[in-house]
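Peer 1: Fold the following for me, if possible:
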Amino acid sequence: MQSMMKELEEVEQYLLIEPSGETEELKEMLGRLNVYLARVNKIWADATYILLKEKEALFDKFDLLNCPNKQLARELLVAKTADSGYIVKLAERISRTIVHNCDNLRTQVSYDKEEMKLTRTGY
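Peer 2: The predicted structure is shown next:
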């Protein structure tokens, strides 16, 4: 889990970089973000699997199916799996941020391409 968190933090730092607006840099960032998206989605899936396995073990350990207070059982699960739950949520949010950034970068590249066409041919 620690290595997953480290990778997510690395991707998060990359997402904080503000591009200069140069078309080549935007295209390079788009390519790198697509690689990051694949990796983050794998981390998201793996972390979700680990979280579910942790919850399964807790159900067995504390016999939560027979717990009379379902709200207390739910809160116990959340508390005992907080670290895994955080990684799942962070991976989900970073994945969505990457998708939005890719959309934005594609829009900027398309705008630059159209602007170049208009500059060459005029209106």
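Peer 1: could you pull out the helices for the protein?
Peer 2: Using DSSP state H, the helices of the chain run over 2-15, 23-62, 70-80, 82-121.
Peer 1: Redo those as CSV? Include mean neighbour count and mean pLDDT.
Peer 2: C-beta: built from backbone N, CA, C; applies to glycine. Shown next, in CSV, are the helices of the chain (neighbours: other C-beta atoms under 10 Å; pLDDT from 0 to 100):
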stretch, mean neighbour count, mean pLDDT
helix 2-15, 14, 97
helix 23-62, 15, 95
helix 70-80, 13, 88
helix 82-121, 14, 92
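Peer 1: Could you tell me which residues make contact with R39?
Peer 2: 7, 11 (C-beta atoms under 8 Å, 6 or more residues apart in numbering).
Peer 1: wait, V88 sits on A45?
Peer 2: No - contact status for V88 versus A45: not in contact, 9.5 Å apart, counting by C-beta atoms under 8 Å.
Peer 1: Surely L8 and E92 touch.
Peer 2: No - the pair L8 / E92 is not scored as a contact, 10.5 Å apart, by C-beta under 8 Å.
Peer 1: Could you report the pLDDT at Y123?
Peer 2: Here, the pLDDT recorded for Y123 equals 57.
Peer 1: shift numbering so it begins at 51
Peer 2: Sure, I'll start numbering at 51, so the last one becomes Y173.
Peer 1: Now do the end-to-end distance for stretch 106-122.
Peer 2: Using C-alpha to C-alpha, to the nearest Å, the end-to-end distance of stretch 106-122 comes out at 16 Å.
Peer 1: Just the residues contacting it, thanks.
Peer 2: 123, 126-127, 130-131.
Peer 1: A88: which of those residues is nearest?
Peer 2: Closest approach to A88 among these (C-beta to C-beta): T131, at 25.6 Å.
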